[in-house]
Each structure stands twice: as C-alpha cells, then as structure tokens.
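J.: when you get a sec, could you give me coordinates for this:
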Amino acid sequence: MPRIRNDPNFNVCPDYASDVFANSRAQLVNDNTNEAQAIQLLKDIWEANNNSDKVAWQRQVAEDREERAHHEPGVLVIAANTDASAAM
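T.: Sure, this is the predicted structure:
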C-alpha cells in the first residue's frame, strides 16, 4: 500500500452543493433521488473514504513507530519502562 503523505484527520469534506460538483450531482439525481439527497450521498461517500484513510493513517503511524523503535533500541527501552506491568 502506498504511504499516506498527509494526516486525513485534517481533511475537509468538499462543498458538494457548489457549482464545481454540479455534474457529479446531476448523475445521481433521478425520480427517487433529489439534489439534496445527492449532495448527502456524496458527503457520505467522502466521509466513508476519509474514515478508511484515518484507519490506514493510524496503522502507518504505528508501523513507523515500531520500525523506529526497532532501529533505535533506546526508544524501545523508554517505551518498555512506561508500561506499568513491566515494573512488577
């Protein structure tokens, strides 16, 4: 999986009601879906993708932390010393 370059927690959902998304909305509007529903659908899709990106970002951060600890033994020792169960 390619690396995520920017933290998706800072992403902002586009304004799907704006003119730039008129074509995207038009493709969703039909007898059963009005424009407001099309806008909400686009927002819901964006949010689902962003949430998936957030999970991938957290995984990447954890993997980076683990890799760094593996290559910098001092980091691992410090992290192990903060564990309350290690003191017992």
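J.: does residue 17 lie in a helix or a strand, and which?
T.: Assigned by DSSP states H and E, residue 17 belongs to neither a helix nor a strand.
J.: quick one: contacts for the nearest residue to it once chain neighbours are set aside?
T.: Distances taken as C-beta to C-beta, 6 or more residues apart in numbering place residue 39 nearest to residue 17, at 5.3 Å, with adjacent residues excluded. The way it works is simple: take the backbone N, C-alpha and C, and place the C-beta from them, glycine included. Residue 39 makes contact with 16-17, 25, according to C-beta atoms under 8 Å, 6 or more residues apart in numbering.
J.: ok, residue 8 next?
T.: 50, 53-54, 57.
J.: before we move on, what about residue 1?
T.: Residue 1 is in contact with residue 56, counting by C-beta under 8 Å, 6+ apart.
J.: quick one, grab the pLDDT at it.
T.: Predicted confidence (pLDDT) for residue 1: 74.
J.: phi and psi next, for residue 5.
T.: phi -90, psi -30 (degrees, to the nearest 10).
J.: ok, it to residue 62 distance?
T.: Using C-beta to C-beta, to the nearest Å, residue 5 is found at 17 Å from residue 62.
J.: which of these two has more neighbours?
T.: residue 62 (10 against 5; other C-beta atoms under 10 Å).
J.: residue 50 versus that one, what's the distance?
T.: 19 Å.
J.: try residue 60
T.: Counting by C-beta to C-beta, the gap from residue 60 to residue 50 is 15 Å.
J.: could you list the low-confidence segments of the chain?
T.: 72-88 (pLDDT under 70).
J.: if we use 80, what do you get?
T.: For the chain, applying pLDDT under 80 flags the ranges 1, 70-88.
J.: any idea which element the residue nearest the centre of it lies in?
T.: When C-alpha atoms, centre = their mean is applied to the chain, the residue found nearest the centroid is residue 54 (2.2 Å). Counting by DSSP H and E, the element that carries residue 54 is helix 35-71.
J.: list the buried residues of that helix.
T.: 38-39, 42, 53, 57, 69 (16 or more other C-beta atoms under 10 Å).
J.: residues touching residue 21, list them.
T.: Residue 21 sits next to 14-15, 42 when contact means C-beta under 8 Å, 6+ apart.
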